[in-house]
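Visitor: Just to be clear, the model below is a prediction. Sequence and coordinates:
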Amino acid sequence: MTTINAIEVRHLTKKFGEKTVVDDISFNVRQGEVFGLLGPNGAGKTTTLRMMTTLLKADAGQVKIFGHDTVKEGRLARSMFGLTGQYASVDEDISARENLMIFSRLNGLSRQAAKQRTTELLNEFSLENSADKALKNFSGGMRRRLDLAVSLITRPTLIFLDEPTTGLDPRTRNQMWDTIRRLVKQGSTVVLTTQYLDEADQLADNLAIIDHGKVVKMGTPVELKEQIGGTKLNFTVSHTAQVTQAVKLLADQVTGTIQQAGQQLSMSLAQVTQLTQILATLKQAKITIDHLSVKEPSLDDVFMNLTIGKN
Amino acid sequence: MDARMHKGNVFMNTATMAYRNLLKTIHNPDNFMDVIIQPVLFMLMFGYLFGGAIAGGVQAYLPTIVPGILIQTMLSAGSGSGTQIREDLDSGVFDRFKSLPMAHIAPLAGQLFADSLRLLIATVTSLTTGYLMGWRPGVGFGWIVAIGLLAIVTGWALSWVFALMGLLAKSAGAVNSASLMTMLVLSFMSNAFVPLHSLTKPLRVIANLNPVTYVITAIRQILATGSWTHEALLVLVVDVVIVAIFAPLAVWAYDRN
């Protein structure tokens, strides 16, 4: 498979005084994928992103965007991506339309083209009803949408999103996710930082988990979850007397041990299809159960496993 | 993807940034309060407080104080640009400006060009207040416009110095106090409010070194003679030199930020 790297990051390092905030980070972002930088607060995600987007000078290392060095060919590299920062980087004092017009003009669009693009983006991000209101009256979600719209003026094929949904309510967050998915469908490459595992799981094709300025793990969400183990099955045996019998019957069917806490049993499943067999066995032995739950491993488990005790 | 398409042009970028700053100012008319209230207040206070003591009467004092307050107001309006630039830099929007493929001088020059509206308002307010207090320069209206323009050009040139201060300072508050200090020292340690011969020798040496003294002298000469003077030309040349030195320094400081 020949995939082109949209971004190559090599040995990126940044110190603030004595503290090494980003410590020799290297990774590739393939064209057309969503790449997630996941990590707790203060892990170095934003600093990494700021160096990738030429906002911050690296102390060491190199970033190439579509093969162009961000230091040596800064201007060219800058023209190839859109950036949405952690804090809405739009002008508070002026309207959404004015913001879009100004940024379109600064991106080199003619007055006519700028006007057209502004209308398109206002429509696309459902902002046309508030287009001429001052941003002070905007909700957090609207502000983020406008912010993203501004980043997309030039239809960049590479988009950086720094914590795109931090501080948004669940509904707005879902809208934001839909927007990001739509961008990817249109062929964009997206790099996003997030502290929400859920978000990384939902959106990212590839993940780098960052902690204390280092990449502690890299892979697809599925790969990372597999490392933690398979699906977990939990249920409660209705009658205390049947608990031992149940454990005995199921011991042969599941890999690994069955954990027992009172009437509650929990076990790992190699495959979800094992579930039918387990239920059939219990039914045959006339063992009744309640409170059954099947839980896929979440990135939370991965995250906790990798960063636990270190912070 | 074509880099040339995005390259833009320094003048267009500057014009767009100036438009942005104008919009910001117009949406927030509070931004004009300082340049309207300050010259009125100072003209009234200084005129009626010191007029008698310094010149024997308000009317006699007005030819001294009108150019003095005019330039003082230019200094304080110019210092506002420095504060504004610092506030802007601290807001998220500047990250975006920096990530755009645009000329680095554009955000700064845009701010300063938009702020020339403040300088214009300050000039008109100062001169009008003087007129209402009885100031009647014996030259044609054309010369009044000329000294107004000279003041604005000087104020604009000096705002590059304040822009640099804004870019080097740590916070908007720091810029504010530093530029207030600069403004007070430059305007009071000059011939803006008192005749130079009344000063003690060391003070007179300082006042003679103060560029503000030269601007005010040039304006008074034009108003007294109704003709363009060498001093006025010199002021213009110095203004150009100030911009030539401080604009690149400001861009350097901007890149460093």
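Guide: Yep, it's here. Numbers count the residues shown, from 1 in each chain, chains lettered A, B, ... in the order given.

Visitor: use CA for all of it now, contacts and neighbours both
Guide: Noted.

Visitor: how many other residues sit next to residue 78?
Guide: Looking at chain A here, since you left the chain open. Residue A:78 has 24 neighbours, counted by other Cα atoms under 10 Å in any protein chain shown.

Visitor: my question was about chain B
Guide: The number of residues packed near residue B:78 is 30, by other Cα under 10 Å.

Visitor: quick one: it and residue B:215, what's the gap?
Guide: 15 Å (Cα to Cα, to the nearest Å).

Visitor: And residue A:100, by the same measure?
Guide: For residue A:100 relative to residue B:215 (Cα to Cα), the value is 42 Å.

Visitor: Residue B:145 too?
Guide: Look at residue B:145 and residue B:215: by Cα to Cα, they are 15 Å apart.

Visitor: Settle it for me: which of the two has more neighbours?
Guide: Per other Cα under 10 Å, whichever of residue B:145 and residue B:215 has more neighbours is residue B:215, with 26 against 13.

Visitor: hang on, that one is in a helix, isn't it?
Guide: Yes - counting by DSSP: H, G, I helix; E, B strand; the rest coil, residue B:215 falls inside a helix.

Visitor: show me where the stretch 51-200 of chain A has strands.
Guide: Here the stretch 51-200 of chain A has its strands, by DSSP state E, counting those that start in this stretch, at A:60-65, A:68-69, A:81-84, A:158-162, A:189-194.

Visitor: which other residues reach the shortest one?
Guide: When you say that, I think you mean strand A:68-69. For strand A:68-69, the surrounding residues in contact (Cα atoms under 8 Å, 6 or more residues apart in numbering or on different chains) are A:62-63, A:76-77.

Visitor: Name the residues of the stretch 151-300 of chain A found near chain B, please.
Guide: Residues of the stretch 151-300 of chain A found near chain B (Cα under 8 Å from any Cα of the partner chain) are residue A:156.

Visitor: Next, name the residue at the spatial heart of the chain.
Guide: I'll assume chain A. Nearest to the geometric centre of chain A sits residue A:200, at 2.8 Å (Cα atoms, centre = their mean).

Visitor: that's the other chain; I wanted chain B
Guide: Chain B, centroid-nearest residue using Cα atoms, centre = their mean: residue B:155 at 2.6 Å.

Visitor: Run through the chain and note the low-pLDDT ranges.
Guide: You didn't pick a chain, so chain A it is. Applying pLDDT under 70 to chain A flags the ranges A:1-3, A:88, A:228-230, A:305, A:307-311.

Visitor: look at chain B instead
Guide: Residues of chain B meeting the criterion pLDDT under 70: B:1-8.

Visitor: If we check chain B, which of the contacts of strand A:68-69 are in contact?
Guide: Counting by Cα under 8 Å from any Cα, residue A:76 from these sit close to chain B.

Visitor: Leaving out chain neighbours, which residue sits closest to the residue nearest to the centre of chain A?
Guide: Spatially, and ignoring its direct neighbours in sequence, residue A:200 is nearest to residue A:36 (6.1 Å; Cα to Cα, 6 or more residues apart in numbering or on different chains).

Visitor: What is the burial count for that neighbour?
Guide: By the measure other Cα under 10 Å, the count of residues near residue A:36 is 29.

Visitor: Am I right that it is in a strand?
Guide: Yes - counting by three-state DSSP, residue A:36 falls inside a strand.

Visitor: Okay, and the beta partners of it?
Guide: residue A:192, residue A:207 (DSSP bridges).

Visitor: Let me see the contact set for it.
Guide: Shown in contact with residue A:36 (Cα under 8 Å, 6+ apart): A:191-194, A:200, A:204-208.

Visitor: cool, residue B:97 as well?
Guide: residue B:107.

Visitor: Surely residue B:247 is in contact with residue B:160?
Guide: Yes - taking Cα atoms under 8 Å as the definition, residue B:247 is a contact partner of residue B:160 at 6.1 Å.

Visitor: returning to that earlier point: which SSE is the nearest residue to the residue nearest to the centre of chain B once chain neighbours are set aside in?
Guide: Of all residues not flanking residue B:155 in the chain, residue B:74 sits nearest, at 4.8 Å (Cα to Cα, 6+ apart). Under the criterion of DSSP states H and E, residue B:74 resides in helix B:58-90.

Visitor: For residue A:131, give me phi and psi.
Guide: The phi/psi pair for residue A:131 (degrees, to the nearest 10) reads phi -60, psi -30.

Visitor: Distance-wise, check it relative to chain B.
Guide: As for residue A:131, its distance to chain B is 15 Å (criterion: Cα to the nearest Cα, to the nearest Å).

Visitor: what residues does the stretch 51-200 of chain B put near chain A?
Guide: Residues of the stretch 51-200 of chain B lying near chain A (Cα under 8 Å from any Cα): B:91-96, B:98-102.

Visitor: State the phi and psi torsions of residue A:19.
Guide: Per-residue torsions, residue A:19: phi -90, psi 130 (degrees, to the nearest 10).

Visitor: Who is it paired with across the strands?
Guide: Applying DSSP bridges, one finds that residue A:19 bridges with residue A:16.

Visitor: Around it, count how many other residues there are.
Guide: Counted by other Cα under 10 Å, the residues lying close to residue A:19 total 10.

Visitor: Next up, the contacts around residue 57.
Guide: In the absence of a named chain, chain A is used. residue A:51.

Visitor: you looked at the wrong chain, it should be chain B
Guide: By Cα under 8 Å, 6+ apart, the neighbours of residue B:57 are residue B:51.

Visitor: now it: how far from residue A:138?
Guide: For residue B:57 relative to residue A:138 (Cα to Cα), the value is 56 Å.

Visitor: Then residue A:14?
Guide: From residue A:14 over to residue A:138 the distance is 35 Å, taken as Cα to Cα.

Visitor: More neighbours: those two, which one.
Guide: Neighbour count, other Cα under 10 Å: between residue A:14 and residue A:138, residue A:14 has more, with 24 against 16.

Visitor: Residue A:289: which of the residues of the stretch 51-200 of chain B next to chain A is nearest?
Guide: residue B:92 (55.8 Å; Cα to Cα).

Visitor: my read: that closest one touches residue A:84, true?
Guide: No - look at residue B:92 against residue A:84 with Cα under 8 Å: they stay out of range, at 9.9 Å.

Visitor: returning to what we had before: turn the contacts of strand A:68-69 into CSV, columns for neighbour count.
Guide: Formatted as CSV, those follow (neighbours: other Cα atoms under 10 Å in any protein chain shown):
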residue, neighbour count
A:62, 19
A:63, 25
A:76, 21
A:77, 25
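
Visitor: nearest to chain B, of the contacts of strand A:68-69?
Guide: Ranked by distance to chain B (Cα to the nearest Cα), these are led by residue A:76 at 5.9 Å.

Visitor: So what's the residue count around residue B:54?
Guide: 17.

Visitor: does it count as helix, strand or coil?
Guide: helix.

Visitor: Now residue 245: which helix or strand?
Guide: Defaulting to chain A. Residue A:245 belongs to helix A:243-250 when assigned by DSSP H and E.

Visitor: oops, chain B please
Guide: Assigned by DSSP H and E, residue B:245 belongs to helix B:230-256.

Visitor: That helix packs against which elements?
Guide: Packing partners of helix B:230-256 (3 or more Cα pairs under 8 Å, 6 or more residues apart in numbering or on different chains; DSSP states H and E): helix B:141-168, helix B:211-225.

Visitor: With that, I have no additional questions.
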